[in-house]
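Colleague: fold the following, please.
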Amino acid sequence: MFPTIKDKVRWTTADLELFPNDDKRYEIINGDLFVTSAPDWKHQNVADNICTELKLWSRQTGLGDAATTPGIIFTDADNVIPDVVWASKERLAEILDEAGHLTGAPELIIEVLSPGEV
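Modeller: Predicted coordinates for the structure are as follows:
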């Protein structure tokens, strides 16, 4: 017998607390769990360089701030960890919760692509 749509596991934010604190990224997109290994040196270096430039620009302009690998909780079934984000001060005030998590989309999300296993 083949599994049906109703048999499919639908992952939520609460499930993320069940996973170990290891070198993997656990993201939930539309209820599906995606697990990836930690980025390698080159990948992280590219993300850090982008974030550094955005932070320098943000300090000069006073418009907002940038961060690497922040968690974004869109819904209970949509949680992602992009490589770099930038948000204006106004947008941060709207989407940053008391626990320091983003709960909505910032103005800029950057995902650094690297070769990986298929």
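Colleague: what pLDDT is listed against N21?
Modeller: pLDDT recorded at N21 is 85.
Colleague: swap that for L102, please
Modeller: Looking at L102, its pLDDT stands at 97.
Colleague: contacting residues around the spatially most central residue of the chain?
Modeller: Residue closest to the average C-alpha location in the chain (CA atoms, centre = their mean): I81, at 1.6 Å. Neighbouring residues of I81 by CB atoms under 8 Å, 6 or more residues apart in numbering: 25, 27, 69-72. Every C-beta, even on glycine, is put in place using the N, C-alpha and C of the backbone.
Colleague: now the buried members of those residues.
Modeller: Neighbour counting over the contacts of I81 (16 or more other CB atoms under 10 Å) leaves 27, 70-72 as the buried ones.
Colleague: and the two most separated of those residues?
Modeller: Using CB to CB, the two most remote members of these are E27 and P70, lying 12.3 Å apart.
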